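*Asks:* A predicted structure for the sequence below; I have some questions about it.
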There are 2 protein chains.
Amino acid sequence: MNDLFVPLDDHPAYRQIANLIEQRIVGRSLRAGDALPSETDLARQFGVNRSTIREAIRELEVHGLLGRGRGEKRLRVTRPEPRRVSSGVSRALALHDVTFLELWEAMMALEPAAAEYAAARRTAPQLHDLTRASARFKRAADDTDAAVAAVVDFFTAVAAASGNQVLALSQAPLNLLLAPALTRIVDRVPQARARIMEAQNKITAAIKLRKSEQARIWMEKHIRDFKRGHDLELLKSGQ
Amino acid sequence: MNDLFVPLDDHPAYRQIANLIEQRIVGRSLRAGDALPSETDLARQFGVNRSTIREAIRELEVHGLLGRGRGEKRLRVTRPEPRRVSSGVSRALALHDVTFLELWEAMMALEPAAAEYAAARRTAPQLHDLTRASARFKRAADDTDAAVAAVVDFFTAVAAASGNQVLALSQAPLNLLLAPALTRIVDRVPQARARIMEAQNKITAAIKLRKSEQARIWMEKHIRDFKRGHDLELLKSGQ
DNA sequence: GTGGCAAAATTGTCGGACAGTCCGATTATC
DNA sequence: GATAATCGGACTGTCCGACAATTTTGCCAC
């Protein structure tokens, strides 16, 4: 059944070079903060034209492995920032037409866990960020967009407080997907604001008092509410 | 104390163009499968040099928004494949020096949920993939790398069977991170193989019989075992 | 060492060029 | 008529050279 020969994919030079540089970075041979040689120099070292180097560099830049500070000319090795990579994931998910249910199930898996660990490990500044996001939601009574942004920030703050980068990075893309659905809910379901506010209060309190179980339970309720809100919104929208 | 003005970052032309094309794709103005105009044509349309177009294209290619079939010359719009995007995430996580504990906590949150949904929604072919991965693990008695690969495939199959793209895409990066740790465990902890085999059997059976709760519980045990194995391995390695 | 300034280096972009290869159409073959 | 060989055009990957704008560096005075 299987073919005897597989098509040989010739990697173009720019891809090979990107891989080589990437290996140096992942292998810690180039460390974050180090400045990369100039394009001309790289072209000389690899024995290719500068245009080819540039194409290779673009790849690494997109991956977040290379970057430059504002107004800086030289490229430096950087550690991929969560925002950058998570935005890529959420765009991918959006293009795959994920349903609200899929999103919700993933949140249901991740957020309570994050809340639980946050209660156990949060630092004082992290707690502060949490309360600040919660306060911002209360203040955004009339501005839907601001309210949604505050909810997203709340989740982000919980994930950050969990002290777990994997959880945080897994959760980040969900936020971006949540925003549009949440906007509709907040707009159309009157009781949503009050319920979100209560849940945020309870969760924040539990994390503040380091009550892991409480934090998890209230986060579960919080997320479950989203589904109820979404179902209500669906009803109202006539469908 | 925020500055009143933020430095305006002039996006270079290649970035602007990449964004413009990306908008067309995300906005479904260009749909997956559509062929992109040639580089020369794009250069003409945007009024820039072909080199600039090429740099823009590299970005979109990395994002997985553009690609070309094997041996195909023309670029086509593609939907970002989970493998591509998840490899970026796991590399990012690796560069951030995530600990095994962080990885394990995230798996503990995601995998049982995936197993639960898989039991509820798996199709016949998905079940077949699952059993096949499990069988492959049994067969790889002496080959550590093959065994680790089979474990990864098992998790991937469970996630796929969950019928939830968000869960699947959130879980995929974890697999790549798990591999090295799991290699050490399988190598150094003798009882690991047997325990993994038993867990896979139980999980597969539960998913086959559509017993959601059983699937979740056994997956939890399975993941917990990883932590025990890792702790044992740490002890043995003398640390 | 600090500040200022000129020189050198670097990036972003451009134009043009060419070989290798893929695609489509045309022509030749059975 | 269907299939196979052929051919020209189009396109990509890569190269060369060039130039303006800006950053970095080297140097000098204070």
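*Replies:* Okay, I see it.

*Asks:* A:Lys33 should be in a helix, yeah?
*Replies:* I think there's a mix-up here, since residue A:33 is Gly and not Lys. No - per DSSP: H, G, I helix; E, B strand; the rest coil, A:Gly33 lies outside any helix segment and is coil.

*Asks:* The closest residue to A:Lys221 other than its chain neighbours sits in which helix or strand?
*Replies:* Sequence neighbours aside, A:Ala199 is the residue nearest to A:Lys221 in space, at 6.2 Å (criterion: CB to CB, 6 or more residues apart in numbering or on different chains). Heads up, the C-betas are built off the backbone N, CA and C, glycines and all. Remark: A:Ala199 resides in helix A:192-208, with elements defined by DSSP states H and E.

*Asks:* Quick one: mean pLDDT over that helix.
*Replies:* This predicted structure assigns helix A:192-208 an average pLDDT of 94.

*Asks:* Equivalent analysis for stretch A:225-239, please.
*Replies:* Within the predicted structure, the mean pLDDT of stretch A:225-239 is 82.

*Asks:* how about that stretch, does it get close to chain B?
*Replies:* No - contact between stretch A:225-239 and chain B is absent, the nearest approach being 13.9 Å (criterion: CB under 8 Å from any CB of the partner chain).

*Asks:* need the contact list for A:Ile25.
*Replies:* By CB atoms under 8 Å, 6 or more residues apart in numbering or on different chains, the contact list for A:Ile25 reads A:Leu60, A:Leu65, A:Val77, B:Leu95.

*Asks:* can you tell me how far it sits from DNA strand C?
*Replies:* Taking CB to the nearest atom of the strand, to the nearest Å as the criterion, A:Ile25 is separated from DNA strand C by 16 Å.

*Asks:* Which helix or strand contains the residue nearest the centre of chain A?
*Replies:* Nearest to the centroid of the C-alpha atoms of chain A, with distances taken as CA atoms, centre = their mean, sits A:Ala172, at 2.5 Å. With elements taken from DSSP H and E, the one containing A:Ala172 is helix A:165-188.

*Asks:* Show me what that helix is packed up against.
*Replies:* Applying 3 or more CB pairs under 8 Å, 6 or more residues apart in numbering or on different chains; DSSP states H and E, one finds that helix A:165-188 makes contact with helix A:82-95, helix A:100-121, helix A:144-161, helix A:192-208, helix A:212-236, helix B:82-95, helix B:100-121, helix B:165-188.

*Asks:* I'd like those laid out as JSON lines, including distance to B:His11.
*Replies:* Rendered in JSON lines, the data for these read as follows (distance: least, CB to CB, whole Å):
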{"stretch": "helix A:82-95", "distance to B:His11": "15"}
{"stretch": "helix A:100-121", "distance to B:His11": "30"}
{"stretch": "helix A:144-161", "distance to B:His11": "24"}
{"stretch": "helix A:192-208", "distance to B:His11": "36"}
{"stretch": "helix A:212-236", "distance to B:His11": "35"}
{"stretch": "helix B:82-95", "distance to B:His11": "21"}
{"stretch": "helix B:100-121", "distance to B:His11": "34"}
{"stretch": "helix B:165-188", "distance to B:His11": "28"}
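
*Asks:* pLDDT below threshold where in chain A?
*Replies:* A:1-8, A:237-239 (pLDDT under 70).

*Asks:* and it, which of its residues are near DNA strand D?
*Replies:* Applying CB under 7 Å from any atom of the strand, one finds that chain A approaches DNA strand D through A:12-14, A:47-52, A:55, A:71-74.

*Asks:* Now which of the residues you listed would you call buried?
*Replies:* A:Ala13, A:Tyr14, A:Val48, A:Thr52, A:Glu55 (16 or more other CB atoms under 10 Å in any protein chain shown).

*Asks:* Just flag the most distant two among these.
*Replies:* The distance between the two most remote of these (CB to CB) is 9.9 Å, for A:Val48 and A:Glu55.

*Asks:* how close does A:Arg210 get to DNA strand C?
*Replies:* Look at A:Arg210 and DNA strand C: by CB to the nearest atom of the strand, they are 46 Å apart.

*Asks:* OK, contacts around that residue?
*Replies:* Residues touching A:Arg210, when contacts are defined by CB under 8 Å, 6+ apart, comprise A:Ala119, A:Ala120, A:Arg122.

*Asks:* let's see 6 Å
*Replies:* Shown here is A:Arg210, whose contacts under the criterion CB atoms under 6 Å, 6 or more residues apart in numbering or on different chains are A:Ala119.

*Asks:* do A:Thr183 as well
*Replies:* With CB under 6 Å, 6+ apart as the criterion, the residues that contact A:Thr183 are A:Thr144, A:Val148.

*Asks:* What of A:Gly47?
*Replies:* For A:Gly47, no contacting residues are found, by CB under 6 Å, 6+ apart.

*Asks:* which phi and psi does A:Asn49 have?
*Replies:* Dihedral angles phi and psi of A:Asn49 (degrees, to the nearest 10) take the values phi -80, psi 160.

*Asks:* Check whether the residue nearest to it when sequence neighbours are not counted sits in a helix, strand or coil.
*Replies:* Leaving out its chain neighbours, the residue that sits closest to A:Asn49 by CB to CB, 6+ apart is A:Ala43, at 6.0 Å. With three-state DSSP as the basis, the three-state label of A:Ala43 is helix.

*Asks:* A:Ala43 against A:Arg50, yeah?
*Replies:* Yes - between A:Ala43 and A:Arg50 a contact is recorded at 4.4 Å, counting by CB atoms under 6 Å.
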